[in-house]
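Engineer: What shape does this take:
(chains A, B, C and D)
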2 protein chains.
Amino acid sequence: MLAKHPIRVVARQTGLSPHLIRAWERRYKAVVPQRTESGQRLYSDADIERLKLLKTACRNGESISQVSGLAEKELREIVGSEVRLEADGGLAYSEPASSGLKSPDDFLAAGLEAVVAMDSERLEQTLSRAAIDLSRPVLLDEVYEPLLYKMGESWKNGTLSVANEHMASAVARTLLGNLARYYKPADEAPVIIVATPEGFLHEFGALMVAVTASADGWNVIYLGPNSPLKEIALAARQKKARAVALSLVYPAYDKRMEAELRQLKENLGQNIEVVIGGQAAESYRDINKEIGATRLNSLAEFRGFLKGFRNGRS
Amino acid sequence: MLAKHPIRVVARQTGLSPHLIRAWERRYKAVVPQRTESGQRLYSDADIERLKLLKTACRNGESISQVSGLAEKELREIVGSEVRLEADGGLAYSEPASSGLKSPDDFLAAGLEAVVAMDSERLEQTLSRAAIDLSRPVLLDEVYEPLLYKMGESWKNGTLSVANEHMASAVARTLLGNLARYYKPADEAPVIIVATPEGFLHEFGALMVAVTASADGWNVIYLGPNSPLKEIALAARQKKARAVALSLVYPAYDKRMEAELRQLKENLGQNIEVVIGGQAAESYRDINKEIGATRLNSLAEFRGFLKGFRNGRS
DNA sequence: TTTATATTGACATATATTAGACAATAATTT
DNA sequence: AAATTATTGTCTAATATATGTCAATATAAA
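Structural biologist: Below you'll find the model as predicted:
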């Protein structure tokens, strides 16, 4: 990809503030991007990759003044050798460049292999590596989503045992949790509550929504699965949320939900947007319309919603 | 590798405190690193390796004043091939933060505050910092365990809303997941399966067990909550596990469990140890005894079990 | 106009530095 | 045994450095 990116995009993709990116350049020549004629910075994908590596190295305790001088290869080496020492679960980096995986499909295939072999070690490495190499949307849409979907399928038709699925779910849960807290929200970042309502136990959809919103700069309050709608409303008011996102996967329909959703909307008032997604969301079409909730069928649509929200309100 | 590391990285990788590393240098010239222009220490990978050797030698009873003068080769002879870091004790050392929290109680209090304020950001920071400053046993026994317990209590008596508890659980789930993958297991590390049986949905006990075993050098296969015992047995056989740990919290008693546990033991055979813990474990005393499972009442007891296991079988 | 970016200088805080002190053991001498 | 000394891990205090953040100002872009 030859595209060049302005600093804002780089900041979003790396989770570093524009200030910090410039400071690193000024002080340590960490990454020196091209410039436009007028002097604005233009970063290549390689530049972004390098910044991600530098960030990870620093999270591992290295000092920026030291690592900023290193070549790509050396960076990958130290970052790769230190993953295990990362106590606070920053984006773990896995294998040094040798893994050979490139496309989302590669990662997906490697991940599935690890699941079948019940090798949580390898699954972790694969997914961590994917998180470094791929952009957030691609990672979620083309690795996590299909991986979790295929696991569900294989479980239904007996290809995969429950044990494999559980092992993989546990790993994916941890890594998605990390992704959701990878970006430090700005102080004035709008707040979004993410959860699944009471009775809905599948949390992966909600987690991916949380990651997406977090990557978009939101301050995400993740309440997890099985959260009573009353409590969600409470949290939304307490944290002055701008939006509430609900993921409904299973069961397909529960009559009580209608009344509860109505109640939720009442509790929230007009200024808090409600977004509903997930396989089971379709069943609640009517009530959704009634309460003015936005129905979204994919993470891509959710991204569109977030974008529109920003443009519309800020 | 060209990279040079600051003392904090060395401290983490060796498990020695920065104070001690400097003291060894000052008194015995144990390892004399490069310096930056401004005088900060810069350690090479070889330096780190040497410090690990020295630490191991000292643990084996040598005195630092004696071994600090030895060359690499002689050191290796003394410590044998075993350079493996002690997994249990005060690993992952980091200099305590100069400002703010120090004791486990401080972290606990700060964590609870964050929970009440529903500030997931702050809760994360607090728990992450605790993970760096405290040893695993202290972290689990004196921060996570009481935090989760108090949250449960507060929820029961209405002090805390479900929303707060869910938010905190989600954060704790992610961070515990990270801790469980903190140590890379050796290739020959014994395998332990950790899970809660079908019907038991509380996974925090199991997670803490997973962290503890991982810190002790085990290769942990974490299957998470609600795992059918059949599947657990399947996983144990497939991964040639040496032990299976089950956490039973709620419900207190389920009759079907008896038959299932019996079945589990049959499937596992005599060579795979079964360990059972958790609040509800007491209810299954008889069947535990019957199948020869070890009943453990605390993480401390579990640590003892792991220790005994090492001594007894290796 | 309004917003985003660039540059410079400054600031605050976490962390590192040195020197020295202290307490608990271990080793030695009395 | 008791007293003395040496060893060694830990801690404090004062100082210095490293590094993330910000404010002020200017320019460019939308």
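Engineer: okay, CA-based contacts and neighbour counts for the rest of this
Structural biologist: Noted.
Engineer: Going by neighbour count, which residues in the helix or strand containing A:Ala233 are buried?
Structural biologist: Assigned by DSSP states H and E, A:Ala233 belongs to helix A:229-238. By neighbour count on 16 or more other C-alpha atoms under 10 Å in any protein chain shown, the buried set for helix A:229-238 is A:229-236.
Engineer: so where do the helices sit in the stretch 1-150 of chain A?
Structural biologist: A:7-14, A:18-28, A:45-59, A:64-67, A:72-82, A:104-116, A:120-133, A:136-139, A:145-156 (DSSP state H, counting those that start in this stretch).
Engineer: Repeat that for the stretch 201-314 of chain A.
Structural biologist: A:204-215, A:229-238, A:255-268, A:285-291, A:299-313.
Engineer: Need the mean per-residue confidence for the third one.
Structural biologist: Put plainly, it is helix A:255-268. Averaging pLDDT along helix A:255-268 gives 90.
Engineer: swap in the longest one?
Structural biologist: Across helix A:299-313, the average pLDDT comes to 79.
Engineer: The shortest one too?
Structural biologist: Helix A:285-291 carries an average pLDDT of 91.
Engineer: Next: the second one.
Structural biologist: When pLDDT is averaged along helix A:229-238, the result is 94.
Engineer: What helices and strands are in contact with it?
Structural biologist: Helices and strands touching helix A:229-238, by 3 or more C-alpha pairs under 8 Å, 6 or more residues apart in numbering or on different chains; DSSP states H and E, are strand A:191-197, helix A:255-268, helix B:162-180.
Engineer: ok, 7 Å please
Structural biologist: helix A:255-268, helix B:162-180 (3 or more C-alpha pairs under 7 Å, 6 or more residues apart in numbering or on different chains; DSSP states H and E).
Engineer: Okay, angle between that helix and strand A:191-197 too, please.
Structural biologist: 180 degrees (axes from the mean of the first three to the mean of the last three C-alpha atoms, to 10 degrees).
Engineer: same thing with the third one?
Structural biologist: Put simply, helix A:255-268 runs at 160 degrees to strand A:191-197, going by the same axes, to 10 degrees.
Engineer: what's the answer for the longest one, then?
Structural biologist: For helix A:299-313 against strand A:191-197, the angle by the same axes, to 10 degrees is 140 degrees.
Engineer: For the spatially closest residue to A:His166 that is not a sequence neighbour, list the residues it contacts.
Structural biologist: Once flanking residues are discounted, A:His166 sits nearest to B:Leu223: 5.0 Å by C-alpha to C-alpha, 6 or more residues apart in numbering or on different chains. Contacts for B:Leu223 (C-alpha atoms under 7 Å, 6 or more residues apart in numbering or on different chains) come out as A:163, A:166-167, A:170, B:194-195.
Engineer: got the contact list for A:Arg41?
Structural biologist: Counting by C-alpha under 7 Å, 6+ apart, A:Arg41 touches A:6-7, A:33-35.
Engineer: Between these, which sits nearest chain B?
Structural biologist: Closest approach to chain B among the contacts of A:Arg41 (C-alpha to the nearest C-alpha): A:Pro33, at 23.1 Å.
Engineer: Pull the number of nearby residues for the spatially closest residue to that closest one that is not a sequence neighbour.
Structural biologist: Leaving aside its sequence neighbours, A:Pro33 sits nearest to A:Tyr43 (C-alpha to C-alpha, 6+ apart; 5.2 Å). Around A:Tyr43 there are 20 other residues, counting by other C-alpha atoms under 10 Å in any protein chain shown.
Engineer: A:Tyr43 touches A:Arg35, doesn't it?
Structural biologist: No: between A:Tyr43 and A:Arg35 there is no contact under C-alpha atoms under 7 Å: 8.4 Å.
Engineer: Pick out the shakiest of the helices of the stretch 1-150 of chain A, pLDDT-wise.
Structural biologist: Checking each of the helices of the stretch 1-150 of chain A, the one with the poorest mean pLDDT is helix A:72-82, at a mean of 75.
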